[in-house]
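Asks: dropping a prediction and its sequence here:
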Amino acid sequence: MKTITLREDYIKLGQALKAAGLVDSGVEAKIHIASGEVEVNGEREERRGRKLYDGDIVSFSGETIQIKK
């Protein structure tokens, strides 16, 4: 499990995938998110701009990202 520590109150989903090294660009993140390949807290999420807060869990391509404050 990868962990992203928030510098602000939230991070957007596309930015989180990129920060965790799971995608190389925002465009790549957008494609995977729009295709329904990403889950937030166990539910499919198709909005790249979804705000992630402390405690959220992102699943993508067999990897898990935990968001921490």
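Replies: Yep, that arrived. What you are looking at is a predicted structure, and each value in this text was computed from that prediction instead of being measured.

Asks: contacts only, for the residue nearest to Arg50 when sequence neighbours are not counted.
Replies: Closest residue in space to Arg50, ignoring its immediate chain neighbours: Leu13 at 4.3 Å, by Cβ to Cβ, 6 or more residues apart in numbering. Glycine gets a C-beta too; all of them are placed from N, C-alpha and C. Applying Cβ atoms under 8 Å, 6 or more residues apart in numbering, we find Leu13 in contact with 29, 33, 38, 40, 45, 47-52, 58.

Asks: for the longest strand along the chain, buried residues please.
Replies: Identified as the longest strand of the chain according to DSSP state E is strand 63-68. For strand 63-68, a neighbour-count test (16 or more other Cβ atoms under 10 Å) marks 65, 67 as buried.

Asks: returning to that earlier point: for the residue nearest to Arg50, phi and psi?
Replies: Here is the backbone geometry of Leu13 (degrees, to the nearest 10): phi -60, psi -50.

Asks: cheers, nothing more for now.
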